[in-house]
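Asks: Provided below for reference: sequence and predicted model.
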Amino acid sequence: MEPILSQGYGYGFAVGLGAAFALLMVVITRVLARYLGQVQNSERFSTASRSVKSGLIASSTVSAWTWPATLLSSGSWSYSHGISGGFLYGVGGTLQITLFLFLAIQIKRSAPSAHTVSECFYIRFGKAGHWVYLVYCMATNVLISALLLLGGSQGFAATTGMHVVAASFLLPLNVVVYTALGGLKATFVSDWIHTVIIYGVLLATAFTVYCTSSHIGSPGKMYELLVQAQEAFPSETGQSYLSFNDKSMFFLTWSVAVGGLSSVFGDPGYSQRAIASDASSVFTGYLVGSLCWWIIPFSLGSSAGLACRALLTNPASVTFPNALSAFEVDAGLPVIYGMAAIFGKSGAAAGLVTLFMSVTSATSAELIAFSSVTTYDVYRTYVKPDASGKQLVNAAHISVVSFGLFMAALATALNYIGVTVGWLLSFLGILLTPEVSAVTYMLFWPKMTKLSLLIGCPLATATGIASWIGATYHYADGVINKDTLMTTEATFIGNFVSLASGAIYIAVISLLKPDKDAFDLRHLNGELTLADDVDKEEKEAVVVSQHTQKLLKRHSWLSLSVNLFVVLGVYVIICVSLYGIKRDLSKSSFTGLIVVMLIWLVTAAAYIILFPLWQGRQSMARIAKHIISGEKLEESKPNQEKSSGEATLDSESNVSIIEEHHTSKPNAVANSNNPLSKGPLEIPDYLSGQNDTTEPEYFGSASNFSFVNQLNHFLQQLDGSDTNHEKGLERFGAKPMVLADSFRDSDFSLDSISNETMHELLVAFLETWTIPCPLFDAHQLFTLAFDTWKNPYSSANDQALLYLILSLGAATSYFDSDESSPNAFPVARGLFSLALNTVPRICSQVSFEAVRVVFFMSLCACSLGDTALSYLYTGIAVRISVAIGLHKNSTVKKMPHSFDSKHHRRVWVCVWQFEKYWSFCVGRPSGLSEYVATPEVKEEDFEYAGYGDSKLFRQTSEHMKLRVSFASSLSKVHAELYNTKNELLAILSKVERFSIEIDQAYFNCRDRQLFQANVDDSVEQLERSTVIEWFWIRIYYLYLKVIIFRPFLIFSAYLGNAAASVSDSIRNKIKSGSDTCVDVAIELSNFIIKLNGKVRMSQPIIFISTYLESASTVLLFYIVSNISEISDTLARNIWNVLHATRNFLNGSYGSYLDTTKILARDGLESLHNLLIKRKNDKNTTFLDKIMKPVVIGSPMAQINSIDLQDDAGLEAVWAQTLNWISYAPQT
């Protein structure tokens, strides 16, 4: 029979359309490089910088699974088996995607730095294990590539009469061009364009067939035509085209689904997409991609495939009045013929376009996958381990071109042998399915051994082939040849045995002969390295934060649930139930299924077409802006960080400024007076080698030595007996460094110190650090430091954290030193100078994570309770925000690509918190004024739990849960506070102002009545009705002040939850108007007791907690003074509060804050007056409950011998008690 289209169509599409598409992709690649700075380096070529978002991942997933076999076989299955064909083909392929989703998430969790999965085999099992997996991996890559070209060339030849050899070589030609030039990112873009075209054709076909076609036009008409076709051309299986009761169809589906797992799990083209994706996009991208892909074979088979069958009795059919031959069915022509019957030759041409798109898109992915494996697993691993980024790119280019020629030659050979797509797909599964178990065990099971890999996989392949041949012999009546090997039952058995035996062999061998130690899966990523041309964004992309790790862990469980639903719910229950019905679908059921198909198709097309555009809208707008303005973005050079023209801190001058101003409170930090914000905002050109800076004299002109010269002396001193530990650095095996080895460059900042020297500095610092705050765990910190320096690129976040830890310790040591002798601690001062020189270097990289570390460490410094440090770090934070163009007073024009909107908001939040903190500390409500033109923030921007979950912090799981839970609710309050601005800030400002006035009243006037008048005045201005309500405001204000600005200390969650609970309870009960003073007093006293028992850990915490505790005590006694009867619970609580307050006044902390002493003594005064009142009332019940335990704890221990009913004894008790209460604190 003559081809339906002429050869001109074939050559026109293969050459003309291919060349046009290649030109388009080359232009897109150049635009990305010119206007977005995405210059092609080794990382971007192979991994797309690991930043691809979920929309492109979904479209790429659809494109990767839309092989020529997807389009042609789904149509052939629907033509041969009816409605079940396309439906079951889609279910089987979707199962493969969802199962691989579980693996893709684990790749991002365990090996985010990987370029290929096979790199992980090299790390776990060495060369031998690596080569075994490489054989399977590359064999999968080669056979799938041949399968793609085989299906494409055979489809082109059958449709147009084009020579199969010409099709085999011309189809991949243009793909090789744009893949070699654009790399993986070009592949993702081309995937989206291909998929958009395929969906366009599908939408036109499906809606024409079921809505507007004159031949069919409705699901009901299609139903009737299929009934007629069943009578005229019965199916080979004897089953109805409207039934799922087709045993051979199910066996064929299961065979392809099981065998196809190897083409997904083992093909590097699929894992490459997981590696290239942004970590948070993996789950969404693959899951949505699977849902969008399923509709392609189902809709195409149910429209074009069924149309071809239904119109066999219509003159519009290409083969009228005959059915299609076996050759035409095997070649996948039912799709082309069905579209031709509906649209004419233009329909056949449209079908050929979709075939072209599926071939070229999938081929591009296979080319990149092969080049990545040969580049990183062969060239860099065995040929040139020290290869530069440029050499890796060249190797990748050579691989793409050579593999393109090889796959064309192989497809040609298979064509001449007579191999079909179906035969090759089944053979591929039986031969290579054992790699599914290998890669799954490698990523998930620490006890898998190298021996199990070396023996298990080849043995499973042999077992699968033997089972395949044996089953063929059984089901084909002893005849074994190329055709009988394709028996449905035999291929299913071969695929299943190959898969199951691989899992069993590897598990059994690993358990029978285990390794001495199980492999730590966390080491996978630690051994992976990046090329020397990696840029800043690519370094950051391989760092998976704790938040993202938690997200990926949650996604792993979700993917497990999805797979259980797909396997059991869809693949077993639904499909088997449809099979078990054993009757035709009714016309209404068939119509309903088609309607669902059309709705699903429209939804999937809308998502795949529009969502990637929405996610890339900012980049497209940026490109349009540059094109319109004619600007060109400066291309980033390899391994260089862009500096955005921000600020640096000149070490010597700024140390001097801080020495001069750090005790003058507001003047050191205020926006208008901040000395750190003055001077030119410049960054020395450290990276270009043009910096002429000589060794700086960090200690001023009066000194004859610098910190650099003292570095080795410092290390030697710490290695002696003067350290806080007996063995000093010796226990870590550290040796003094030679000065020439100490700094890599000449800029003398911490990130220029050599790794070895920094390592010793860090250890020395940890061994001698004596900051009175139980915030860090030194041992865990040292472990982190060791891992960081072992692999410097593993975490830029950790590096910045270490730098700032040194800064924090040095600054604390320095400012705790004798101010009259500023050079008493030259090492601390030198470290502090280096830290000041390092901070802007970190921040000039415009890395949000690094900036956030700076702010985090600053918050820790503020939490130490050191006023000078609080001002110092607030000043640094303001300086940084000014330098990077994210402060209201900044004159620096922020680079458009520096931060995305989320990072922009979060940096604003950090600066806002610091300036609010400073304003509260110095009592300047004017600092709470709103910013100008600040971005709207969201709750998620207040991530108090971010670094708090780090293993560096000594916090119990209970405290962590409380703090994280509280941080979530606090984020809502804080975001509301920020966004509302005028209203809430005005309230807080008012509360702050009256709080200061009331504090001043305490200091200036000890007359209780006068103080009460001041309170009443404040209450009137605040529109409050009672003194109790004012005290609630006071407690709530203190709670806000403590919690908002000290969220990283252990007590924060406990204190915050308790204070919030008590405050809410007090407010609600007072508002209710009922007489609940007793209940309120009990709750408040319980709060004070718990507070006292939980938070007394260090001086800074007591400084804060006792202030709140004392204010609460005043309120407690005020309430108690109005209670006529006291319960046992309240009496016991009052005694405990009294005892704690008296001990506080007599202890070393009593002089910590004058206001605290005044408040506490005022509480005791209240109790004194209360006791006098009760004495006059002669309330013996009260005496029994309060006086007795009080006197028991006093020097008058003979309370038991006193008769409380006797007036003389009672007077004696009163005298001793009042004397005890009035006991003057020791000073």
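Replies: Happy to help now that I have it.

Asks: Could you use CA atoms for every contact and neighbour count after this?
Replies: Noted.

Asks: Domain-wise, how is this protein divided?
Replies: Structural domains assigned to the chain are 7-29+53-615, 651-685+705-935, 936-980, 1038-1221, following automatic domain parsing.

Asks: So, low pLDDT: which residues of the stretch 601-750 of the chain?
Replies: Applying pLDDT under 70 to the stretch 601-750 of the chain flags residues 629-750.

Asks: do that again at 80, thanks
Replies: 618-750 (pLDDT under 80).

Asks: For L71, give its distance to P514.
Replies: Using Cα to Cα, to the nearest Å, L71 is found at 46 Å from P514.

Asks: Mind checking which of these two has more residues around it?
Replies: Shown here are L71 and P514; by other Cα atoms under 10 Å, L71 has more neighbours (27 against 16).

Asks: any idea which helix or strand carries that one?
Replies: Assessed by DSSP states H and E, L71 sits inside helix 68-81.

Asks: From the contact counts, what lies against that helix?
Replies: Applying 3 or more Cα pairs under 8 Å, 6 or more residues apart in numbering; DSSP states H and E, we find helix 68-81 packed against helix 83-110, helix 118-160, helix 282-300, helix 306-310, helix 333-343, helix 345-372.

Asks: CA atoms only for it - export them in PDB, please.
Replies: Extracted as PDB, the C-alpha positions of helix 68-81 are listed here (Å, rounded to 0.1, in the frame of the first residue of the first chain):
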ATOM      1  CA  PRO A  68       7.200   7.500  19.800                       C
ATOM      2  CA  ALA A  69       6.000   4.200  21.400                       C
ATOM      3  CA  THR A  70       3.600   6.200  23.600                       C
ATOM      4  CA  LEU A  71       1.900   7.800  20.700                       C
ATOM      5  CA  LEU A  72       2.000   4.900  18.300                       C
ATOM      6  CA  SER A  73       1.500   2.000  20.700                       C
ATOM      7  CA  SER A  74      -1.300   3.600  22.600                       C
ATOM      8  CA  GLY A  75      -3.100   4.000  19.300                       C
ATOM      9  CA  SER A  76      -2.400   0.500  18.200                       C
ATOM     10  CA  TRP A  77      -3.500  -1.000  21.500                       C
ATOM     11  CA  SER A  78      -6.800   1.000  21.300                       C
ATOM     12  CA  TYR A  79      -7.300  -0.100  17.700                       C
ATOM     13  CA  SER A  80      -6.700  -3.700  18.600                       C
ATOM     14  CA  HIS A  81      -8.200  -4.000  22.100                       C
END
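
Asks: so what's the residue nearest to P612 when sequence neighbours are not counted up against?
Replies: Of all residues not flanking P612 in the chain, G55 sits nearest, at 4.4 Å (Cα to Cα, 6 or more residues apart in numbering). For G55, the contact set (Cα atoms under 8 Å, 6 or more residues apart in numbering) comprises 285, 607-608, 611-612, 615.

Asks: just the buried members of these?
Replies: Among those, the ones that count as buried by 16 or more other Cα atoms under 10 Å are 285, 607-608, 611-612.

Asks: JSON lines for those residues, including secondary structure and distance to K247?
Replies: Listed next are the buried ones among the contacts of G55 as JSON lines, based on DSSP: H, G, I helix; E, B strand; the rest coil; distance: Cα to Cα, whole Å:
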{"residue": "G285", "secondary structure": "helix", "distance to K247": "34"}
{"residue": "Y607", "secondary structure": "helix", "distance to K247": "35"}
{"residue": "I608", "secondary structure": "helix", "distance to K247": "35"}
{"residue": "F611", "secondary structure": "helix", "distance to K247": "40"}
{"residue": "P612", "secondary structure": "helix", "distance to K247": "41"}
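
Asks: where's V602, which helix or strand?
Replies: Per DSSP H and E: helix 587-615 holds V602.

Asks: In terms of secondary structure, what does that helix contact?
Replies: Using 3+ Cα pairs under 8 Å, 6+ apart, helix 587-615 is in contact with helix 54-65, helix 173-207, helix 219-232, helix 282-300.

Asks: For A350, find the nearest of the ones you listed.
Replies: Nearest to A350, of all the helices and strands packed on helix 587-615, is helix 173-207, at 6.8 Å by Cα to Cα.

Asks: Quick one: residues contacting L306.
Replies: By Cα under 8 Å, 6+ apart, the neighbours of L306 are 75, 78-79, 82-83, 226, 338.

Asks: Pull up the gap between it and S76, please.
Replies: For L306 relative to S76 (Cα to Cα), the value is 9 Å.

Asks: rewinding a little: make TSV out of the buried ones among the contacts of G55 and add distance to G301.
Replies: Formatted as TSV, the buried ones among the contacts of G55 follow (distance: Cα to Cα, whole Å):
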residue	distance to G301
G285	25
Y607	21
I608	20
F611	26
P612	27
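
Asks: out of those residues, who's nearest V26?
Replies: The shortest gap between V26 and any of those belongs to P612, at 19.7 Å (Cα to Cα).

Asks: Quick check: that closest one vs M25, distance?
Replies: Distance from P612 to M25, by Cα to Cα: 17 Å.

Asks: any chance of the helices and strands packed on helix 587-615 in TSV, plus mean pLDDT and distance to P315?
Replies: As requested, the helices and strands packed on helix 587-615 are exported to TSV (pLDDT from 0 to 100; distance: least, Cα to Cα, whole Å):
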stretch	mean pLDDT	distance to P315
helix 54-65	84	35
helix 173-207	83	19
helix 219-232	90	14
helix 282-300	90	22
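
Asks: Out of those, which one sits most buried?
Replies: Of the helices and strands packed on helix 587-615, the one with the most neighbours on average (mean count of other Cα atoms under 10 Å) is helix 54-65, at a mean of 28.

Asks: quick one: low-confidence parts of the stretch 251-400 of the chain?
Replies: By pLDDT under 80, the low-scoring segments of the stretch 251-400 of the chain are 252, 259, 269-281, 331, 385-390.
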